[in-house]
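Colleague: requesting a structural model of the entry that follows:
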Amino acid sequence: LQRNLILSHSCGLGEPLPRHVVRLMIVLKLLGLARGYSGVRPLVVDALQALLDADAMPVIPSQGSVGASGDLAPLAHLIAALLGDGRIDLAGEILPAREALARIGLDPLELGPKEGLALLNGTQASTAIALDALFLAERVFG
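Modeller: Residues are numbered from 1 along each chain as shown. Reported below is the predicted structural model:
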């Protein structure tokens with residue numbers, strides 16, 4: 001059931017978000033989950049951290065977020081990769097997610113109750129894009 005929730009929201013399109021924006025998304029999601037209020041297991045947090053550690057960035061389409069009601073499509077693509085669906089950019093090589101996960105020693109996640117909702121909830125994509133713009137402006141005007 002959780003898998004269907006994630007996959008039903010994986011409906012983005014367009015060019016992929018830049019790797020550094022996806023990295024920011026993961027860091028922001030980790031910061032939110034690390035507070036401990038979302039009800040996700042430590043295994044889920046560890047899997048997201050493993051993506052960062054291995055330079056394994058899920059391929060996330062740049063179009064599909066509505067921001068105001070959450071970044072459902074981009075976050076769904078992020079989490080779908082942990083489930084073994086979609087694609088992952090592994091240090092510059094685009095691979096099917098399941099293959100990339102195997103290369104970095106991860107099994108596809110099986111989400112527990114309410115974890116799908118906790119992982120889809122949030123504005124980490126919009127925030128990462130805004131931070132990217134801020135960092136660029138600081139370099140231009142700083």
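Colleague: low-scoring pLDDT stretches of the protein, where are they?
Modeller: Low-confidence segments of the chain, defined by pLDDT under 70: 66-69.
Colleague: can you rerun that using 90?
Modeller: Scanning the chain with the threshold set as pLDDT under 90 gives 1-2, 34-37, 64-70, 142.
Colleague: all strands of it, in order?
Modeller: When secondary structure is read from DSSP state E, the chain shows strands at 13-16, 56-58, 61-63, 87-90, 93-96.
Colleague: from the contact counts, what lies against the fourth one?
Modeller: Strand 87-90 makes packing contacts with strand 56-58, strand 93-96, helix 97-103 when contacts are defined by 3 or more CB pairs under 8 Å, 6 or more residues apart in numbering; DSSP states H and E. C-beta: built from backbone N, CA, C; applies to glycine.
Colleague: list the contacts of the second one.
Modeller: Judged by CB atoms under 8 Å, 6 or more residues apart in numbering, the contacts made with strand 93-96 from elsewhere in the structure are Val59, Arg87, Ile88, Asp89, Arg103.
Colleague: and if we set it to 6 Å?
Modeller: Arg87, Ile88 (CB atoms under 6 Å, 6 or more residues apart in numbering).
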